[in-house]
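> predicted coordinates and the sequence they were generated for:
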Amino acid sequence: MTPFGEKIRELRKSRNISQKEMATKLNVSAAYLCALEHGQRGKPQWPMVQRIITYFNIIWDEAEELQYLASISDPKATIDTSRLSANATTLANLLARNIADLSQKDIEELTGYIEKSTLETNRRK
C-alpha cells in the first residue's frame, strides 16, 4: 500500500462510499481505483489527484497533504546516486536490498529521521 492509497481508502471509508461508486464518479474502473488504493499502480498523475480532491471536496491543508502523499507514493521508486558519495550509493542499495526485512518500527524511525533532516535542510535554504 502507498501513503496516497491509504489516505484515499480512509477518506472513502469515512464517507461510506464504495469503490465502485467513487470509480464511477471519477470516470475510472473500480479495478483501477482498487489498484491505486493498494499501491499496485504507479504514482497518480496530477489530474487524477485534482479529481480526487474535487470529489471529496477537500481544501487547503488536507488538499496539500493529499498532493504530498501522491508525490511520495511511487511503489517502484528508483534512486539515482550517480553524482552522490559512495556512502549515499551504499545506503540506497542497502535500503533497496533490505527494506522488506525491516520491522515497521525501524521503517517509522528511518522515515522520521529522513523527514526531520529534510525539514532542517529546507529551513536553512
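Yep, that arrived. Not measured: the values here are computed from a predicted model.
> show me the contacts for the residue nearest to residue 51 when sequence neighbours are not counted.
Excluding its sequence neighbours, the residue lying closest to residue 51 (C-beta to C-beta, 6 or more residues apart in numbering) is residue 26, at 5.4 Å. Quick note: C-beta positions are derived from backbone N, CA and C, even for glycine. By C-beta atoms under 8 Å, 6 or more residues apart in numbering, the residues touching residue 26 are 33, 48, 51-52, 55.
> can you check residue 8 too?
Contacts here follow C-beta under 8 Å, 6+ apart; on that basis residue 8 touches 33, 36-37, 52.
> tell me which element it is part of?
Using DSSP states H and E, residue 8 maps to helix 3-14.
> report the buried residues of that helix.
3-5, 7-9, 11-12 (16 or more other C-beta atoms under 10 Å).
> would a markdown table of those residues with pLDDT and distance to residue 89 be doable?
A markdown table is the format used below for those (pLDDT from 0 to 100; distance: C-beta to C-beta, whole Å):
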| residue | pLDDT | distance to residue 89 |
| --- | --- | --- |
| 3 | 94 | 26 |
| 4 | 96 | 28 |
| 5 | 96 | 29 |
| 7 | 96 | 32 |
| 8 | 96 | 34 |
| 9 | 96 | 35 |
| 11 | 97 | 38 |
| 12 | 96 | 40 |
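> could you dump those residues to CSV with distance to residue 117?
What follows is those, written out as CSV (distance: C-beta to C-beta, whole Å):
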residue, distance to residue 117
3, 18
4, 22
5, 26
7, 23
8, 28
9, 29
11, 29
12, 33
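> quick one: contacts of the host helix or strand of residue 93?
Secondary structure from DSSP H and E places residue 93 in helix 86-98. Here helix 86-98 makes contact (C-beta under 8 Å, 6+ apart) with 79, 81.
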